[in-house]
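Asker: Sequence unavailable; structure follows:
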């Protein structure tokens, strides 16, 4: 439905150029041995993912923004609205942040590369 958009690439773990090849080697963020292993280039179109050493350093800012948004939302929701005890909320937020690290890591990298690389329909049609 959204093929050809950046959202398709981000949410389906696909190459930002052809939307066919996988970005990460495994689709599950909770395969803890391989959740951070990326292909060096797209298996379908050959697009090189890491353009230069340290290319994905900027994705740390996106991951940080996800963590802060998660923490603030939980804190405001549970302490401000539902009036839960702050100590239980802090423990829950810390556990939640630890559980969401693989998801936020992968989303941040996919968003980062999609900021700089665009979908190319002609390459997508030529690739496997």
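Answerer: Perfect, thanks for sending it. Values in this document were obtained by computation on a predicted structure and should not be read as measured data.
Asker: With residue 123 as the reference, measure out to residue 16.
Answerer: From residue 16 across to residue 123, the span is 11 Å (C-beta to C-beta, to the nearest Å). Quick note: C-beta positions are derived from backbone N, CA and C, even for glycine.
Asker: where do the contact lists of the two overlap?
Answerer: Common neighbours of residue 16 and residue 123 (criterion: C-beta atoms under 8 Å, 6 or more residues apart in numbering): residue 47.
Asker: Tell me which of those two has more neighbours.
Answerer: Counted by other C-beta atoms under 10 Å, residue 16 and residue 123 do not tie: residue 16 has more neighbours, with 22 against 18.
Asker: Helix, strand, or coil at the more buried one?
Answerer: Taken by DSSP: H, G, I helix; E, B strand; the rest coil, the conformation at residue 16 corresponds to coil.
Asker: Tell me if I'm right that it and residue 120 touch.
Answerer: No - contact criterion C-beta atoms under 8 Å: residue 16 and residue 120 do not qualify, at 9.2 Å.
Asker: Need the contact partners of stretch 24-36.
Answerer: Contacts of stretch 24-36 (C-beta under 8 Å, 6+ apart): 13, 37-39, 102-103, 105-106.
Asker: Narrow those residues to those in helices?
Answerer: Mapping the contacts of stretch 24-36 onto helices (DSSP state H) picks out 102-103, 105-106.
Asker: So which of those wins on neighbours?
Answerer: In those, the most neighbours by other C-beta under 10 Å go to residue 106, 23 neighbours.
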